[in-house]
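Student: turn this into a structure:
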Amino acid sequence: MSDRTSEHAGTLVSRVARHLNRKLSDVVTLLLNHKSAGSIGAVAGFAIAVVFAWKVFRPSQPRPRPKRRTNSASNGRSGGGHVTGSDESDLGVVRSPRQLAQGDNMRRKLGGCRKVTCQLLGVILEEKSPEELQKHVTVRESAVKVLSELAKHCDLYLMETVLDDETEERVLSALEAAGIFGPGSLMKEKVLFCSTEIGRTSFVRQLESDLHIDTNLDVISQLSRFIGRQLYISAMEEGQIEIPNKLFGTTENHTVKEKQVKEV
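Tutor: As a prediction, this is how the structure comes out:
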């Protein structure tokens, strides 16, 4: 019975197709012989009829069935508000009260600064000149933890003037060994190197930093026209005075001066 029905339906579709083919040939011939508005209207009407016939005779497609939710997914949302460890990490709620207090303290110190640029020499590193970096690189222990916390609350970039490519690799290796790079912390791509002090100034301007930390007063003076806040750290040779740095704790033998510049 089903075979007969299929043959009958196939025969009917073939007849309709042959009929439509003949009609189409006649209309095209008529249009070629008589290029008038009536012929164009006939073609348009015939096209509408073809589209209608195609919609009527095309096979219907079954609707996609919605996927059932697994029991684990439903239980995770209806199990009395229980959240797994991975969900807590995604939602950003795995923070102890001490971590929250540290974050609030860091945000207050930043004073609304979202992007911070910082020189390495004399601030993060013990060395004071590019020539010293060619021999050795020493990371301040007090700066490691603060840098990690700072990178969580702002877009942080470190930069320095170096004399050769080997020094770049030496500095990156020292920072990595100190644990400054890692998930949720500073990325290695955000440590920038240049060959002159002008290059460092250009970096800060291109990044549009909100706060720049530097040991070179000339760099600070040039940037005062373009960014709102600069933190100047100056080493003293004799009669050193200990003044607490607002970001990096107590820095021995350094004076720290923060300069707030009004927009011009």
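Student: use CA for all of it now, contacts and neighbours both
Tutor: Noted.
Student: break this protein down into its structural domains.
Tutor: 2-57, 100-260 (automatic domain parsing).
Student: least reliable of these going by mean pLDDT?
Tutor: In terms of mean pLDDT, the lowest-scoring of the domains of the chain is domain 2-57 (a mean of 64).
Student: mind listing the helices for the stretch 51-200 of the chain?
Tutor: 71-78, 85-91, 97-110, 130-133, 141-153, 165-177, 197-207 (DSSP state H, counting those that start in this stretch).
Student: endpoint to endpoint, stretch 116-136 covers what distance?
Tutor: 26 Å (C-alpha to C-alpha, to the nearest Å).
Student: quick one: buried residues of it?
Tutor: 116-127, 130, 133-134 (16 or more other C-alpha atoms under 10 Å).
Student: and the contacts of that stretch?
Tutor: 137-140, 143, 154-163, 166-167, 170-171, 204, 209-215, 233 (C-alpha atoms under 8 Å, 6 or more residues apart in numbering).
Student: which ones among the residues you listed map onto strands?
Tutor: 155-161, 211-214, 233 (DSSP state E).
Student: out of those residues, which is nearest to I48?
Tutor: D155 (60.6 Å; C-alpha to C-alpha).
Student: hmm, that closest one is touching K115, no?
Tutor: Yes - assessed by C-alpha atoms under 8 Å, D155 is found in contact with K115 at 4.6 Å.
Student: tally of neighbours for I180?
Tutor: I180 sits with 22 neighbouring residues when counted by other C-alpha atoms under 10 Å.
Student: ok, Q206 next?
Tutor: Counted with other C-alpha under 10 Å, the neighbours of Q206 add up to 9.
Student: what's the answer for L156, then?
Tutor: 22.
Student: partner residues bridging it?
Tutor: Beta-bridge pairing of L156 under DSSP bridges involves V116.
Student: what residues are up against it?
Tutor: Contact analysis of L156 by C-alpha under 8 Å, 6+ apart lists 115-118, 150, 186, 190.
Student: now these in TSV, with distance to A178?
Tutor: Putting those into TSV (distance: C-alpha to C-alpha, whole Å) gives the following:
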residue	distance to A178
K115	23
V116	20
T117	19
C118	17
L150	16
L186	12
K190	16
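Student: what's the closest of those residues to L175?
Tutor: L186 (10.2 Å).
Student: make JSON lines from the ones in strands among the contacts of stretch 116-136 and add distance to G182 to it.
Tutor: Formatted as JSON lines, these follow (distance: C-alpha to C-alpha, whole Å):
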{"residue": "D155", "distance to G182": "15"}
{"residue": "L156", "distance to G182": "14"}
{"residue": "Y157", "distance to G182": "14"}
{"residue": "L158", "distance to G182": "15"}
{"residue": "M159", "distance to G182": "18"}
{"residue": "E160", "distance to G182": "20"}
{"residue": "T161", "distance to G182": "24"}
{"residue": "L211", "distance to G182": "23"}
{"residue": "H212", "distance to G182": "23"}
{"residue": "I213", "distance to G182": "22"}
{"residue": "D214", "distance to G182": "24"}
{"residue": "I233", "distance to G182": "27"}
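Student: out of those residues, grab the one that's most surrounded.
Tutor: In the ones in strands among the contacts of stretch 116-136, the most neighbours by other C-alpha under 10 Å go to H212, 25 neighbours.
Student: wait, what's in contact with that one?
Tutor: Residues near H212 by C-alpha under 8 Å, 6+ apart: 116-118, 204, 229-231.
Student: adding distance to G182, write those out as TSV.
Tutor: Formatted as TSV, those follow (distance: C-alpha to C-alpha, whole Å):
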residue	distance to G182
V116	18
T117	19
C118	18
V204	23
R229	28
Q230	27
L231	26
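Student: those residues: which two are farthest apart?
Tutor: V204 and L231 (13.2 Å).
Student: flag every buried residue along the one helix or strand L231 maps to.
Tutor: Following DSSP states H and E, one finds L231 within strand 229-235. For strand 229-235, a neighbour-count test (16+ other C-alpha under 10 Å) marks 229-235 as buried.
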